[in-house]
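Enquirer: Any chance you can model this:
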Amino acid sequence: MDENKPKAPLAPSEDQAINKVTFSEKWADYKKHPFSMFLYILVILAAVITVAVLGYLLVFLLVKGIPNLKWSMFEWNYTRENVSMMPAIINTIIVTALCLLFAVPLGIGSAIYLVEYAKRGSKLVEVVRLTTETLSGIPSIIYGLFGFLMFAVSFKWGYSLLGGALTLAIMVLPVIMRTTEEALKSVPDSFREGSYGLGAGKLRTIFRIILPSAMPGILSGVILAVGRTVGETAALIYTAGTVAGVPSSIMGSGRTLAVHMYALLSEGLYTDQAYATGVVLIVLVVIINWISNRIAKKFGNKLG
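Expert: Residues are numbered from 1 along each chain as shown. Here you go, the predicted model:
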């Protein structure tokens, strides 16, 4: 009998039998170790609670917000009658774009230095990582006060979209740095060695081999940064202001969509419109995440 002859694929019934045996073995192992069973139940329970809470919030907001959506809320100018959110949507896009313009190059560049250029085990690297982790845990209101004192008072910009964008860039910079660093570490060293073996330099290897391979992970960090930027209120109230209109320049004051929703709720007169604004905010975040995921998949397909 030829040993090199490939084995025939298992029939569906045989494959299912193997899966059943595997599951039964796991179940028997859980019975022998009750603590493992307890942890398994806790993990499943945590996942169910998380999904249930998220689903409840989404359903509650959609039920409250969709019936209150009106075309008048998308008019160009804000008035007390239409309570238009269109200026806030435009300001949100401007602030998010400016924030990413400053944060993404700095975050990715810092991560490239830490992974590709800095010596492994260096004390400088440890200090930078400790600093970024500390900055990630600072409340957003502290960033707002810092941005107010730095950009509005010291730079004498007043309330401005640029000051708000710079404050948010400082706030999301640690997230982009850490996720990019982990994405670069996940690229196998064989990619680097192969590129160097073919005669490519350090810089060419980074931009043509390493960064494209790590792009899905980098985009994950950017998505997290965008989500935090779009939903931020405390940091922007002190830096960008709450003017319900589109400024003539980035040095003017304007409210974002999240600040607009907060202002409507705090006034107590436009609660229904605030729920409708929340629906639009969720849709905007979903669209941004969908676009980012599509870009990540394209990079993945090219690498595959």
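
Enquirer: Okay, helices next: where are they in this structure?
Expert: 12-32, 34-65, 86-112, 123-136, 140-147, 161-185, 189-197, 202-205, 211-230, 234-237, 257-267, 271-303 (DSSP state H).

Enquirer: can you put the ones you listed in a markdown table and add distance to V153, mean neighbour count and mean pLDDT?
Expert: Placement of C-beta: from N, CA and C, glycine included. Output for the helices of the chain, formatted as a markdown table (distance: least, Cβ to Cβ, whole Å; neighbours: other Cβ atoms under 10 Å; pLDDT from 0 to 100):
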| stretch | distance to V153 | mean neighbour count | mean pLDDT |
| --- | --- | --- | --- |
| helix 12-32 | 60 | 10 | 55 |
| helix 34-65 | 37 | 11 | 88 |
| helix 86-112 | 20 | 20 | 91 |
| helix 123-136 | 21 | 13 | 84 |
| helix 140-147 | 10 | 18 | 90 |
| helix 161-185 | 10 | 24 | 91 |
| helix 189-197 | 47 | 13 | 84 |
| helix 202-205 | 40 | 14 | 86 |
| helix 211-230 | 23 | 20 | 85 |
| helix 234-237 | 15 | 24 | 88 |
| helix 257-267 | 20 | 20 | 86 |
| helix 271-303 | 30 | 16 | 78 |
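
Enquirer: Would you tell me which of those helices gets closest to A244?
Expert: helix 86-112 (6.2 Å; Cβ to Cβ).

Enquirer: Domain boundaries for this structure, per the record?
Expert: With domains defined by automatic domain parsing, the chain comprises 14-66, 70-303.

Enquirer: T92 versus L284, what's the distance?
Expert: From L284 across to T92, the span is 7 Å (Cβ to Cβ, to the nearest Å).

Enquirer: quick one: common contacting residues for the two?
Expert: 230, 257 (Cβ atoms under 8 Å, 6 or more residues apart in numbering).

Enquirer: can you list the helices of the chain in a markdown table and add distance to S248?
Expert: Converted to a markdown table, the helices of the chain look like this (distance: least, Cβ to Cβ, whole Å):
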| stretch | distance to S248 |
| --- | --- |
| helix 12-32 | 64 |
| helix 34-65 | 31 |
| helix 86-112 | 12 |
| helix 123-136 | 33 |
| helix 140-147 | 21 |
| helix 161-185 | 11 |
| helix 189-197 | 48 |
| helix 202-205 | 41 |
| helix 211-230 | 22 |
| helix 234-237 | 19 |
| helix 257-267 | 19 |
| helix 271-303 | 24 |
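
Enquirer: Can you tell me which of the ones you listed is nearest to V243?
Expert: helix 86-112 (8.6 Å).

Enquirer: okay, which residue is most central for this protein?
Expert: The chain has L224 as the residue nearest its centroid, 0.8 Å off, counting by Cα atoms, centre = their mean.

Enquirer: Surely that one touches V175?
Expert: Yes. L224 is in contact with V175 according to Cβ atoms under 8 Å; the separation is 5.3 Å.

Enquirer: what's near enough to touch A152?
Expert: 158-160, 163, 238-239.

Enquirer: how about a cut-off of 10 Å?
Expert: 158-160, 163-164, 167, 238-241, 253 (Cβ atoms under 10 Å, 6 or more residues apart in numbering).

Enquirer: likewise G144?
Expert: Applying Cβ under 10 Å, 6+ apart to G144 gives the contacts 164, 167-168, 171, 232-240.

Enquirer: let's see it at 7 Å
Expert: 167, 234-235, 237-239 (Cβ atoms under 7 Å, 6 or more residues apart in numbering).
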